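Asks: model this:
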Amino acid sequence: MFNLIQFPNSMKKLVIIPFIIINICPDLNYTNLKLALLILSMLIFSPIVSFAQEPSEGWKRLADMPEVRSEMEAATIGDKIYVVGGLNNRGEATNTVFIYDTKENTWNLGTPMPLSLHHAGATSLNEKLYVVGGYLDVWRPSSSLLIYDSKTDTWTVGPDMPTARGALTAQFLDGNLYAVGGFGRVTLSENEVYDPKTDTWETKSKMPTPREHLASAVLDEKLYVIGGRGEQINLNSNEMYDYKTDSWVILDPLPTARSGLTASVLSGAIFVFGGESTLKTFEENEAYVPGEGWFPQQPIPISRHGLASATVENNIYVIGGGVDPGFSFSGITEAYHNTVIPEFGTIAFAILGFSLIAVIIISSLKLKESLIQNIKV
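Replies: Numbers count the residues shown, from 1 in each chain. Sure, this is the predicted structure:
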């Protein structure tokens, strides 16, 4: 859960507010000063105390997938999660589409993909699911783009991605699909963009750190690419892409270097789950708040890699993956809920607003005191 001892940067900055007020009101008497500081202390620390008293974080086990899978992908359309492809318990690529209804806690089947794929990238836009790249059987990299219409339960084939690769990540940003990283013949840093309006691909600025088996998420119109594997080594890279400037920024590293992980956004934070090394799978659940840093959260109940995740309303659904490093598989479905991490910006503005009220109160007290003194005179 949110580390109550490690104050966010925004909170640290707000500590100077009492000193600002003292400078604004230099002739405050001792009584009024105590009142001002008491009000400010309550305003600054009450949000933190409320989170400490009423945390809401936890995991819930849900209905398993119809079949075990690893290295599949998932994306949300409405209140349903679409889980596509992946490796089955024989280590074969699959073309299955499993549809999870988050309201009913049930699984259904969709029309299979035109190709059997694993280690693909998947994301959604306007009730359509886009599956890009991945590996065919015998681990041959694919450049395919498959588009699923959830209204008609049908697939169409889009134009090939410029670079064939698997173990990549894909996200929609500003209406365009970004396919980043992966492995073809070597570990890649490619950043290729598909525009659904023109049905064309374009090459953009490469990611600073080439990697595969990475995770990504979009938050506040920025693409965050996290973790993954380099040349036979796990990475803790955390890099942000700004599509407006076609540029990358290197950010605070992931606390636990890992690959085969997954990431989703909830409550203004990016939550990163699971992963593997050569020796073990990871239970870590670490949350990144832009501008504030990383915070450890409640671990996954069952550690695994090659898993997928998707957000629906106030829950992140973490699905499938292998419980052991390498070739292992599961049908596990778990929901993660977290309201412990506060909306830092909201709290900052609230405290600032209340602080201004405190200034008005203090000024009123000063005026009252001055009037009383004048009357006495």
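Asks: these two touch, right, residue 255 and residue 227?
Replies: No: contact criterion Cβ atoms under 8 Å: residue 255 and residue 227 do not qualify, at 10.4 Å. Placement of C-beta: from N, CA and C, glycine included.
Asks: The closest residue to residue 149 other than its chain neighbours and residue 209: what is the separation?
Replies: Spatial nearest neighbour of residue 149, excluding adjacent residues (Cβ to Cβ, 6 or more residues apart in numbering): residue 128 at 5.7 Å. Distance of residue 128 to residue 209, computed by Cβ to Cβ, to the nearest Å: 30 Å.
Asks: With neighbour numbers in mind, choose between the two.
Replies: residue 209 (19 against 16; other Cβ atoms under 10 Å).
Asks: check contacts around the closest residue to that one other than its chain neighbours.
Replies: Spatial nearest neighbour of residue 209, chain neighbours left out: residue 237 (4.4 Å); criterion: Cβ to Cβ, 6+ apart. Residues in contact with residue 237 (Cβ atoms under 8 Å, 6 or more residues apart in numbering) are 208, 209, 211, 225, 226, 227, 228, 250, 253, 254.
Asks: So what does the residue nearest the centre of the chain look like in phi/psi?
Replies: Nearest to the mean C-alpha position of the chain, counting by Cα atoms, centre = their mean, stands residue 270 at 2.7 Å. The phi/psi pair for residue 270 (degrees, to the nearest 10) reads phi -100, psi 120.
Asks: next one: whichever strand or helix holds residue 131 to chain centre, how far?
Replies: Using DSSP states H and E, residue 131 sits within strand 128-132. Here strand 128-132 is found 19 Å from its chain centre; the criterion is Cα atoms, centre = their mean, to the nearest Å.
Asks: got a list of contacts for the following helix or strand past it?
Replies: Counting by DSSP H and E, the next helix or strand C-terminal to strand 128-132 is strand 135-136. Strand 135-136 is contacted from outside by 93, 115, 116, 117, 118, 119, 120, 141, 142, 166, 167, using Cβ under 8 Å, 6+ apart.
Asks: closest to residue 177 among these?
Replies: Checking these against residue 177 by Cβ to Cβ gives residue 120 as the nearest, at 12.5 Å.
Asks: Return the distance of the closest one relative to residue 322.
Replies: Relative to residue 322, and taking Cβ to Cβ, residue 120 is found at 17 Å.
Asks: give the contact list for residue 202.
Replies: With Cβ under 8 Å, 6+ apart, residue 202 has these contacts: 192, 193, 195.
Asks: Export the residues you listed as CSV, with columns for secondary structure and pLDDT.
Replies: Output for those, formatted as CSV (DSSP: H, G, I helix; E, B strand; the rest coil; pLDDT from 0 to 100):
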residue, secondary structure, pLDDT
192, strand, 99
193, strand, 99
195, strand, 99
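Asks: Quick check: ChimeraX command selecting the buried ones in those.
Replies: Restricted to buried positions by 16 or more other Cβ atoms under 10 Å, the ChimeraX selection for the contacts of residue 202 reads:
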select :192,193
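Asks: next SSE after the helix or strand harbouring residue 83?
Replies: Assigned by DSSP H and E, residue 83 falls within strand 80-84. Remark: after strand 80-84, the chain's next helix or strand is strand 97-101, criterion DSSP H and E.
Asks: tilt between that following strand and strand 80-84?
Replies: Strand 97-101 and strand 80-84 are oriented at 160 degrees to each other (axes from the mean of the first three to the mean of the last three Cα atoms, to 10 degrees).
Asks: just how off-centre is strand 97-101 within its chain?
Replies: 21 Å.
Asks: neighbouring contacts of that strand?
Replies: 63, 65-67, 69, 79-84, 106-113, 148, 317, 319, 333.
Asks: who does the strand holding residue 83 pair up with?
Replies: Here strand 80-84 is paired, per DSSP bridges, with strand 73-77 (antiparallel), strand 97-101 (antiparallel).
Asks: can you state the direction angle for that strand and strand 128-132?
Replies: 20 degrees.
Asks: buried set for strand 80-84?
Replies: 80, 81, 82, 83, 84.
Asks: In contact with the nearest residue to the third one once chain neighbours are set aside, which residues are there?
Replies: Read it as residue 82. Distance criterion Cβ to Cβ, 6+ apart; nearest residue to residue 82, sequence neighbours excluded, is residue 129 at 5.2 Å. By Cβ under 8 Å, 6+ apart, residue 129 lies in contact with 75, 77, 82, 84, 122, 123, 147, 148, 150.
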